[in-house]
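In: any chance you could fold what I've pasted below:
(chains A, B, C and D)
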4 protein chains.
Amino acid sequence: MSKGIRIGVLGASGYTGSDLVRLALAHPAMEIAALTANSQAGKAMAEVFPQFGFVDLPGLTTIEEADWSMVDAVFCGLPHGTTQEIAKSVLAEHPGIKFIDMSADFRLRDPDVYRTWYGHEHLAMDLQAEAVYGLTEHYRTAIRDARLVACPGCYPTATLLSLIPLVAAGLVDASDIVVDAKSGVTGAGRSLKQNILFSEAGEGLSPYSVGKHRHAPEIEQEVSRVAGENVTVSFTPHLIPMSRGELCTSYLRMTGSTTADDLRAAFVDAYRDEPFVHVAPAGVLPQTQNVRGSNHCQIGVVADRAPGRAIVISVIDNLVKGSAGQAVQNFNLMYGIEETTGLMQQALFP
Amino acid sequence: MSKGIRIGVLGASGYTGSDLVRLALAHPAMEIAALTANSQAGKAMAEVFPQFGFVDLPGLTTIEEADWSMVDAVFCGLPHGTTQEIAKSVLAEHPGIKFIDMSADFRLRDPDVYRTWYGHEHLAMDLQAEAVYGLTEHYRTAIRDARLVACPGCYPTATLLSLIPLVAAGLVDASDIVVDAKSGVTGAGRSLKQNILFSEAGEGLSPYSVGKHRHAPEIEQEVSRVAGENVTVSFTPHLIPMSRGELCTSYLRMTGSTTADDLRAAFVDAYRDEPFVHVAPAGVLPQTQNVRGSNHCQIGVVADRAPGRAIVISVIDNLVKGSAGQAVQNFNLMYGIEETTGLMQQALFP
Amino acid sequence: MSKGIRIGVLGASGYTGSDLVRLALAHPAMEIAALTANSQAGKAMAEVFPQFGFVDLPGLTTIEEADWSMVDAVFCGLPHGTTQEIAKSVLAEHPGIKFIDMSADFRLRDPDVYRTWYGHEHLAMDLQAEAVYGLTEHYRTAIRDARLVACPGCYPTATLLSLIPLVAAGLVDASDIVVDAKSGVTGAGRSLKQNILFSEAGEGLSPYSVGKHRHAPEIEQEVSRVAGENVTVSFTPHLIPMSRGELCTSYLRMTGSTTADDLRAAFVDAYRDEPFVHVAPAGVLPQTQNVRGSNHCQIGVVADRAPGRAIVISVIDNLVKGSAGQAVQNFNLMYGIEETTGLMQQALFP
Amino acid sequence: MSKGIRIGVLGASGYTGSDLVRLALAHPAMEIAALTANSQAGKAMAEVFPQFGFVDLPGLTTIEEADWSMVDAVFCGLPHGTTQEIAKSVLAEHPGIKFIDMSADFRLRDPDVYRTWYGHEHLAMDLQAEAVYGLTEHYRTAIRDARLVACPGCYPTATLLSLIPLVAAGLVDASDIVVDAKSGVTGAGRSLKQNILFSEAGEGLSPYSVGKHRHAPEIEQEVSRVAGENVTVSFTPHLIPMSRGELCTSYLRMTGSTTADDLRAAFVDAYRDEPFVHVAPAGVLPQTQNVRGSNHCQIGVVADRAPGRAIVISVIDNLVKGSAGQAVQNFNLMYGIEETTGLMQQALFP
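Out: You can find the predicted model right below:
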């Protein structure tokens, strides 16, 4: 029996896709109608993710085999570079479908920036023009009316939620932002790479993509937008021996006589009515444990000992608020459903 | 606004208590009316478990301060030995309260066995007489009518679900059962002990309480009941460097010409209609990842190379099906609510 | 400047090979003359294992490129099935080389058993005839004079050290042995497999190869030898979320009026003068933390509550005493060097 | 039989003390003569750290019971605030003893700074005057002649090794240094605290002591010394779910037209002959896995995308180069022994 809106998940054999399935199963208005995974087509979802062995799910098919006429909304968890053509094809044939993209393909508005960072021409610039950046709290109105939403990367989500209100209010110097980012290993996806083997990533800590991570231009695009000028952000990610969770520590120079309390007040003001963004009281430090498995983001502010500086810390679950959860939040908006529907799970701690 | 049944949680500052709160917040018929934690009384729950900083909860009080007239049902996550007198007192004054005990205090029916293993006289033998053992799948009818339910320990839950159908059907030799049990570190609770520090328990594996774990007599009580004779079970627990999850590997000698397929058929038969107990298909091995954070139990059967022997593997989340989840399942039964209410979360994997 | 005996390491890009290199660098009589790794040939060792970036090492070559005339002893860490022909070829051309094999290729004496478990004919049965099983404590005399030593698998090492003295003395029933084995993830090697990704193996526990692990026939070969009859051992391995370490819990039925203390006395007797095998005092339980990174094995004995049964627990570091360390120990014997040379590192704990 | 220099270890029941014992056992010139641990006095070391069950060690005594006339050198791993009076007393009675302090008690030269950060008056300012700061690579000459060496904290070691050459050469702006530091859980010691329980610290990431960590003034003391002016450093530590290892990411603003290559060249120049400090080649990023269990420090430099900025990454094992290893290195200097003696172990990876 249908629960209502029929969804398809592209790339259901990856972590982003499987977390979307996890959330969809708990969502009262979603019916999972199609699951694709080209490399695993023909298998049951439970063969690929055995935790789904206790529920009924459609079998995995190739993208080509999927019947899009039976689908109302598509969530896409494909690797970057592959989504553009698929979105173009699906939306051309089924213009009524709503497309919620969790990949990187429609996040960068400037085709030159896209080409520079992804190494090839953008393949669907017409769709790019209509794509809405899916950082829910800052694009809510546009998301409501969108057909194509480009959900932000996990690092941009955690970073931008903690930078936009400050930069927009002119409380910090947008030209002097240092973001030290730390992510759990699921951020690297499920593909087989040596550095994410248990025996390699465990009991150790590695910086990676220093000075060249693809989430940097995305962060800069959005910070620049609110700063009113092009800014470069110093952004350095590190791989942490945990599966889920992301913490971004931002080192900021405050303008004028701004204090850390002013920053906190700006956050409280910006996020007062938000169900998923929470400002930690003074003296409380966010930690990833607080948000594991949930759609929450927590932001904390500390005055640095170095005069005029502040430290802002934000945490999310990279697979939830950083991907599948934010996608569901946007889906709710796009369908006029209560925004928190299916997303109020508490963090799983311990 | 009330959601309905008002619950109190005794021992809300422990892991069992906090997981009960997590589940209660997702339960449509529960209203959290009281939270006690004597050592933390006066604090907000969010000070003790910061992941609850995003929801409204009653403050922590002492047991004495709690107003039981405002509570319909009590979940008790206190350490063993302390529950008996509290239950006696609460139920004497408020005989209409339903008491769902997650501690060990009412699990053993024989006062001599209790004294031997817990080192003191049982303090509420009259209540013990009415207590129903809360292994839902095997005591469902009695639980429905019970006022006091003694939820099983985590190891007994995982072990008994995988032994009772086999012993009851005479398919295995009840006098030759070896259970090698492995648990995540939350099984040791939140109290400060050196062996559960991260730097001690991490990257290592330790057997503990070998030949003397308090869950052994509980397992034996229930196996003996279905065997129709007193049996001793060889039970050996190990501490695994993970937070949640429990896996019991049972080494069994089959009777007559019984085969591993017969064992699997017996499980399928016993658990066909169960929402939370799942028999793995032949060739599929359960793993704790499949049930993390969920109320599911998965059981697998493999024929051993040693003739006449079989290996049965069962997995649960020790804090959910092994404690708070099973408690909620029993609560649902006791209140005539659909048994799966509030418990259908998928496992959090990865 | 030469330290003395020139060694070559086949398969230096795997964990067994790299741990051999680690130990060789600390060995006063070894000079590392050749490192092969066919898939990584042409690279510096530090590109493959960056922890070796601070020492001088030969570059990685293919096996074909290695100059065996410059090598006195070969340690082989290749995958099973590939060593037989290479050993044959190397020893045919350089009969003076001593060959210390850490692979599985020369462990099973019976070609039928080999074929059954490894799926192909043994390719060097003449060499098999001269191969000495490298379980140092029980084959010391033969190892001293051997040219080809087949070091045991990690599970057989931990298991046999804790079974041979008991079976040999007739203290336990050799036909009723259950071994529940647990290993860290390095036991699976460095090859890219989904189940050993950090996000898959972390925070979880999985049995694997139940009823069909290739170390079972090796254990049975050696237990049968001392039992004087063919025995089948129930052997079940589990993957534990830690990198190094192995713990085997053996469930034994004692003969006659044998007690657990008798078992302990037999161990003390057997291993009194051994530098690397240690019997835990009564009441002390071995744990893998005690041996991490070291060549030590610790064995503990506990009387089971089930009458006539005992539990024997043994721990090793799977890469050291379970592989590279035992190989070095055998090397020392083969060259008449003090057996403990280069192997007296303490465990790295925490 | 004596190996030579008789050492005593104060605080042998802590992680710093036990790692000192581990290194001492491998040191050819050290004889362990005394081990103190007031709270564990009367026990064998193996009862407190079971990995030492395979070697002979003196029993644990109270400080008062130790016979200092039998000791040549003292390593002190006591908590801060307790060492000053003990050092004063021991050195007063036995002025010939060399005292190598791994605690924080003699690191800060300015008594006002000490009082501000540690909350009480310094209790041995006369000794403070003769104490040499034990950052080996930058105080080598003074350490050779010292009687009392104050080994740096773990964070200062990792940070200062990567800052001093740059600040000393004027290549970076000393007034604009941001250090984002990450440490394994052993950095918090072995005392029982809730936040370092396995189930709390595992699978999570927490900033701590933000803006107020006691290692900040120590870093500032030494950076100011080479900068020639008082500087404030922005220093923020994070707790990482691993036992050992520390990684500091320093965000630096370069002066004039300095490039990242210039920074790397300065490091190469400064550390060319150092056995334990290694500069990563361009393109290679340090990770804690490279130094686990070893005395090595690795430093890498990357040009930031933000113009004029560079990122410097340094890694150490917090218990070795960050504590016990550096202490042994200083001991070697103080006794005129080859500086690398007993310290050339390779990292234990995986």
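
In: helix, strand, or coil at A:Ile100?
Out: strand (DSSP: H, G, I helix; E, B strand; the rest coil).

In: correction: the previous question concerned A:Glu222.
Out: helix.

In: test for you: state the pLDDT assigned to it.
Out: If you check A:Glu222, the pLDDT there is 98.

In: what sits against it?
Out: A:Glu222 sits next to A:133, A:135, A:138, A:156, A:160, A:164 when contact means C-beta atoms under 8 Å, 6 or more residues apart in numbering or on different chains. Yep, even glycine has a C-beta here, placed from its N, CA and C like the rest.

In: PyMOL command for the buried members of those residues?
Out: In PyMOL, a selection of the buried entries from those looks like this (16 or more other C-beta atoms under 10 Å in any protein chain shown):
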select buried, chain A and resi 133+135+138+156+160+164
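
In: among the contacts of A:Glu222, which are in strands?
Out: Taking DSSP state E, the ones among the contacts of A:Glu222 that sit in strands are A:Tyr133.

In: could you list the domains of chain A?
Out: Under automatic domain parsing, the residue ranges defining each domain of chain A are A:5-130, A:155-318.

In: can you show me the helices along the stretch 101-250 of chain A?
Out: With DSSP state H, counting those that start in this stretch, the ranges of helices along the stretch 101-250 of chain A come out as A:111-118, A:125-130, A:136-145, A:154-168, A:198-201, A:215-227.

In: pLDDT weak spots in chain A?
Out: For chain A, the stretches flagged by pLDDT under 70 are A:1-3.

In: quick one: the strands in it?
Out: A:5-10, A:30-36, A:60-61, A:73-76, A:98-101, A:132-133, A:148-150, A:172-183, A:206-207, A:234-239, A:246-254, A:277-279, A:297-303, A:309-316.

In: so for C:Ala146, which of those strands sits nearest?
Out: Nearest of the strands of chain A to C:Ala146, taken as C-beta to C-beta: strand A:206-207 at 42.0 Å.

In: anything in the closest one near chain C?
Out: No - figure legend: strand A:206-207 not in contact with chain C (C-beta under 8 Å from any C-beta of the partner chain); closest approach 9.9 Å.

In: for B:Ile7, find the nearest of the helices of the stretch 101-250 of chain A.
Out: Nearest to B:Ile7, of all the helices of the stretch 101-250 of chain A, is helix A:136-145, at 32.8 Å by C-beta to C-beta.

In: how about the closest one as CSV, C-alpha atoms only?
Out: This file holds the C-alpha atoms of helix A:136-145, laid out as CSV (Å, rounded to 0.1, in the frame of the first residue of the first chain):
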residue,chain,number,x,y,z
THR,A,136,17.8,24.7,3.7
GLU,A,137,18.1,27.3,6.4
HIS,A,138,19.4,29.9,3.9
TYR,A,139,17.5,29.0,0.7
ARG,A,140,14.2,27.9,2.2
THR,A,141,11.9,30.0,0.0
ALA,A,142,13.6,29.1,-3.3
ILE,A,143,13.7,25.4,-2.3
ARG,A,144,9.9,25.4,-1.9
ASP,A,145,9.4,26.2,-5.5
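
In: is it anywhere near chain B?
Out: No - Helix A:136-145 stays clear of chain B (C-beta under 8 Å from any C-beta), getting no nearer than 14.7 Å.

In: let me know the angle separating that helix from helix A:154-168.
Out: Angle, helix A:136-145 to helix A:154-168, by axes from the mean of the first three to the mean of the last three C-alpha atoms, to 10 degrees: 100 degrees.

In: ok, residues contacting helix A:136-145?
Out: With C-beta under 8 Å, 6+ apart as the contact definition, helix A:136-145 has outside contacts at A:132-134, A:149, A:160-161, A:164, A:222, A:270-271, A:274, A:276-277, A:326, A:329-330, A:333-334, A:336, A:339.
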